[in-house]
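[1] All I have is the shape, not the residue letters:
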């Protein structure tokens, strides 16, 4: 039974909180409280037994030692000790229940209905293969880190001379491509080749050194003819003046890439979804709001890509139940358990998460983080599962195999084909990927303090409701897809991260 101490109409005015479901054992505070303060939880009042920061959880139901603690209608862990009503619920009294690999059964649930809407389109660049870009840029991709700075120097020189003709010239430096072996080297080649295929790259300059493990010819061989048609390449060791040759190659790529935006439907959008620097509000505001975008884009016939496999542990069954068929389910099981085995083979527990910043923001266990994170997928059916470095094949929601690391996962989304990415954050980050990377703040404080980083304040859902916030966010997405710069672009924050999993020679 929930302890009812006095009615919500009583005084003094209680602190506000949010509880997802009436069966949840905890609520999340919207403001800090001291011991003895009253907290409104739905239609009852709870008295705080501890000082509790904003965004952290207060117990609204007593929980016995060893019993599950429920949030989001699901267990987020087990009570380390008895928890009384009004106590601060966090890492000191809750532990994870995750251990290792799991056995799963395909138990599909009925698809949830998404209202049919007349969605706004955007102004995009239509490519010869039918894909649509939100930017028309020249990307410089080094095969190896040794020529990464060369690429940056070429981009810095070429960008100003072509301003107004294309949307930019950008180089993506990285430290890999040599001293790698086997699957580790293969991943580097695969992710770079996949990035070259992104529609936002109207032309690509592939920079090689000559002696690297990730050979330029092998990179070109990975690319289909349609991608190779927009790729120029320079081998630095074989060139008399690699800078001048690279600059001339960019000039030629620009001439071939110049084109105009055209009106296209929302179905042409490839939307990446990602969270980073999460807090306890992520699963209440930004991630559910991004889930609304997933549902609307997917329902319109568009494509949504989500990743961060270690951050679905504890909530993976919610996605597995929405797989369109047993083949997709089997692939998601394979990717999930393979990632768990990756942790275990390195002597790490699968629950080695949340991060210190997540914990400071109120997230207690990986289960809690995952249950909030998967909400970015809305209620859309999972239509496909992609390996790291694989390109998107189907419309709808696809899950991409990649870790949770912000730089690595946003790069994996761009490599899979995302032309714009929504990135929810409760702690804040300036990071940007090769494509427009819109930061969606989970709380008003972050949106106000770091307005130079944040594209949208999702905490408006608490004031205006989900429907109004969803319409406003979609309008902002359409504006950015049509050419309005995202904050990461304004700040010139663009980078890639490559998933390194093997030895270095």
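    It's in. Predicted, not measured: the structure shown is a model, and the values here were computed from it. Numbers count the residues shown, from 1 in each chain.
[2] so what are the domain limits for the protein?
    Each domain of the chain is listed here as a residue range: 17-95, 137-258, 266-490, per automatic domain parsing.
[3] now these in CSV, with mean pLDDT?
    Converted to CSV, the domains of the chain look like this (pLDDT from 0 to 100):
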stretch, mean pLDDT
domain 17-95, 96
domain 137-258, 97
domain 266-490, 96
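[4] and among those, the most buried is which?
    domain 266-490 (a mean of 22; mean count of other Cβ atoms under 10 Å). From N, CA and C alone the C-beta is placed, and that goes for glycine too.
[5] Between the two ends of that one, how far is it?
    Distances were taken as Cα to Cα, to the nearest Å; on that basis the terminal residues of domain 266-490 are 24 Å apart.
[6] can you give me the end-to-end distance of stretch 108-126?
    Between the opening and closing residues of stretch 108-126 we find a distance of 36 Å, counting by Cα to Cα.
[7] hmm, back to that, could you say which one of the domains of the chain comes nearest to residue 102?
    Closest to residue 102 of these, according to Cβ to Cβ: domain 266-490, at 7.0 Å.
[8] Show me what residue 94 bridges to in the sheet.
    When bridges are taken as DSSP bridges, the partners of residue 94 come out as residue 79.
[9] does it really touch residue 79, like I thought?
    Yes - Residue 94 is within contact range of residue 79, at 6.2 Å (criterion: Cβ atoms under 8 Å).
[10] still on that earlier bit, output the domains of the chain in JSON lines, with distance to residue 118 appended to each entry.
    JSON lines is the format used below for the domains of the chain (distance: least, Cβ to Cβ, whole Å):
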{"stretch": "domain 17-95", "distance to residue 118": "30"}
{"stretch": "domain 137-258", "distance to residue 118": "25"}
{"stretch": "domain 266-490", "distance to residue 118": "10"}
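[11] List just the one of those domains that sits closest to residue 121.
    In this view, those are compared for proximity to residue 121 by Cβ to Cβ, and domain 266-490 is the closest at 5.7 Å.
[12] re earlier: which residues do residue 94 and residue 79 both contact?
    Residues touching both residue 94 and residue 79 by Cβ atoms under 8 Å, 6 or more residues apart in numbering: residue 69.
[13] next structured bit after the top helix by length along the chain?
    Among the elements of type helix in the chain, defined by DSSP state H, the one spanning the most residues is helix 326-345. For helix 326-345, the succeeding helix or strand toward the C-terminus, using DSSP states H and E, is helix 356-360.
[14] any idea how far the closest residue to residue 386 other than its chain neighbours is from residue 418?
    Spatial nearest neighbour of residue 386, chain neighbours left out: residue 400 (4.8 Å); criterion: Cβ to Cβ, 6 or more residues apart in numbering. Separation of residue 400 from residue 418 (Cβ to Cβ, to the nearest Å) stands at 9 Å.
[15] Can you work out which residues contact both of those two?
    Taking Cβ under 8 Å, 6+ apart as the contact criterion, the common neighbours of residue 400 and residue 418 are residue 305.
[16] if I pick residue 432, what's in contact with it?
    410, 486, 488-489, 491, 493-495.
[17] same thing with residue 257?
    The neighbourhood of residue 257, defined by Cβ under 8 Å, 6+ apart, consists of 136, 138, 166, 202-203, 230.
[18] One more: residue 33?
    15, 39, 48, 51-52, 58.
[19] redo that, cut-off 10 Å
    With contacts defined as Cβ atoms under 10 Å, 6 or more residues apart in numbering, the neighbours of residue 33 are 14-15, 17, 39, 46-48, 50-54, 56, 58, 86, 88.
[20] Residue 453 now?
    425, 428-432, 439, 441, 446-447, 487-488, 490-491, 493.
[21] can you check residue 448 too?
    Counting by Cβ under 10 Å, 6+ apart, residue 448 touches 441, 454, 457, 459.
[22] which of these sit farthest apart?
    The span of the contacts of residue 448, defined through Cβ to Cβ, is set by 454 and 459 at 10.7 Å.
[23] any residues in contact with both of these two?
    When contacts are counted by Cβ under 10 Å, 6+ apart, residue 454 and residue 459 are jointly contacted by 440-441, 446-448.
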